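[1] This is the structure alone, sequence omitted:
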């Protein structure tokens, strides 16, 4: 399920928001967690229990790490890193390694071994790095571990950022997850809705339209591809990936804002950068980055205050 699909826009989002605004505030986290699990399961039903299990294992390891002595904490930290990276490498690269091994067997005249291709779970990269960010924050004592499993699961599974981020550090949102006593603001709902629409327009009206042109140009063979056409394809692809990522981030920030959460900005006009370092800082804004006073984030007056 993606944000620009009819299923999400016409069914999932309206019914979820209706229930979210009508339900008592103390149960909203539970509704959001169940909706997020359903959102993930719709696209990856075979892997939802695997991912939930990995979240449970991480929660137990990090809770123990938060209470142990320094030497044991270090061991538990590396255990969490090893478990998460091993799973990521297994799902993302095992098919590649097996294919190379099969090819090597062919060189020596052996028959290829039987192998069933491994499917890649949806959003596995984001989920892994989100968990690793949390592990590091707790290990460095920058943030205490979540007391409740459901709070940690919501931090990992919150559906607006589940597929592509942006990655949010625990300190940037944990207080918003654990304390839902703040009253609703109509401004948050309207600003969030506006931000979501801006992101949806970037994705559907710009990125997807450019994608059609890019695919047509990249499908040409070398005899049909002139230098001018190649430049058009390269420039179109440059802006396609930008508006795709920027649009998704706008939609994620807008959805969170509609639910009363404020997650940090992730883009600040990266293509005006004057160096690779500045480009990275503008494409994926690290925490506490301060830009010059005359800089304005792309979303203008509705930027996050976190």
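    Yep, it's here. None of the values given here were measured: they were computed from a predicted structure.
[2] Buried residues, the helix or strand that residue 253 is a member of. List them.
    For residue 253, the host element (DSSP states H and E) is helix 227-258. Using 16 or more other CB atoms under 10 Å as the test for burial, helix 227-258 gives 233, 236-237, 240, 242-258. C-beta: built from backbone N, CA, C; applies to glycine.
[3] average pLDDT for that helix?
    Averaged across helix 227-258, pLDDT comes to 90.
[4] next one: stretch 130-139
    Stretch 130-139 carries an average pLDDT of 88.
[5] residues making contact with it?
    54-55, 58, 62, 65-66, 73-74, 77, 80-81, 84-85, 143-145, 152, 155-156, 165, 167-171 (CB atoms under 8 Å, 6 or more residues apart in numbering).
[6] Of the residues you listed, which belong to helices?
    54-55, 58, 62, 65, 73-74, 77, 80-81, 84-85, 152, 155-156, 170-171 (DSSP state H).
[7] just the helices in this structure please.
    According to DSSP H, the helices that the chain contains are 6-7, 13-22, 28-43, 48-65, 70-107, 124-139, 149-157, 170-178, 186-201, 208-218, 227-258, 276-283.
[8] These into TSV, with extra columns for distance to residue 268?
    Converted to TSV, the helices of the chain look like this (distance: least, CB to CB, whole Å):
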stretch	distance to residue 268
helix 6-7	32
helix 13-22	27
helix 28-43	28
helix 48-65	31
helix 70-107	28
helix 124-139	20
helix 149-157	25
helix 170-178	17
helix 186-201	15
helix 208-218	21
helix 227-258	10
helix 276-283	5
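[9] For residue 267, which of those is the nearest?
    Minimum separation from residue 267 across the helices of the chain (CB to CB) falls at helix 227-258, 5.1 Å.
[10] helices and strands around that closest one, which ones?
    With contacts defined as 3 or more CB pairs under 8 Å, 6 or more residues apart in numbering; DSSP states H and E, helix 227-258 has these neighbours: helix 186-201, helix 208-218.
[11] Could you check the angle it makes with helix 13-22?
    Orientation of helix 227-258 against helix 13-22 (axes from the mean of the first three to the mean of the last three CA atoms, to 10 degrees) gives an angle of 30 degrees.
[12] residues in contact with residue 210?
    Neighbours of residue 210 in contact, by CB under 8 Å, 6+ apart: 236-237, 239-240, 243.
[13] What subset of the contacts of stretch 130-139 is buried?
    54-55, 58, 62, 65-66, 73, 77, 80, 84, 143, 145, 152, 155-156, 165, 167-170.
[14] Domain-wise, how is this protein divided?
    Domain assignment for the chain, taken from automatic domain parsing, gives 6-178, 186-302.
[15] Next, the distance between the ends of the longest one.
    Start to finish, the residues bounding domain 6-178 are 32 Å apart (CA to CA, to the nearest Å).
[16] chain center to that domain, what's the gap?
    Relative to its chain's centre, domain 6-178 lies at 10 Å (CA atoms, centre = their mean, to the nearest Å).
[17] Next: stretch 178-192.
    That offset, for stretch 178-192, works out to 22 Å (CA atoms, centre = their mean).
[18] Show the average pLDDT along it.
    pLDDT averaged over stretch 178-192 gives 84.
[19] likewise stretch 73-93?
    On average, stretch 73-93 scores 86.
[20] Could you list the residues in contact with it?
    Contacts of stretch 73-93 (CB under 8 Å, 6+ apart): 54, 57-58, 61-62, 64-66, 68, 118, 120-121, 124-125, 128, 131-132, 135-136, 139.
[21] just stretch 171-185 next, same as before
    Contacts of stretch 171-185 (CB under 8 Å, 6+ apart): 21, 25-26, 28-29, 137, 142-143, 146-148, 151, 154-155, 260-264, 287, 306.
[22] Could you do stretch 28-38 as well?
    12, 16, 19-20, 23, 48, 52, 150-151, 153-154, 157-159, 162, 177, 180, 259.
[23] Give me the contacts around stretch 250-257.
    Outside stretch 250-257, the residues touching it (CB under 8 Å, 6+ apart) are 3, 13, 158-161, 164-166, 188-189, 191-200, 202-203, 262-263, 265-266, 299, 304.
[24] List buried residues within the residues you listed.
    3, 13, 158-161, 164-166, 188-189, 191-192, 194-196, 198-200, 202-203, 262-263, 265-266, 299, 304.
[25] Mind pulling the model confidence for residue 296?
    38.
[26] what's the spacing between residue 144 and residue 175?
    11 Å (CB to CB, to the nearest Å).
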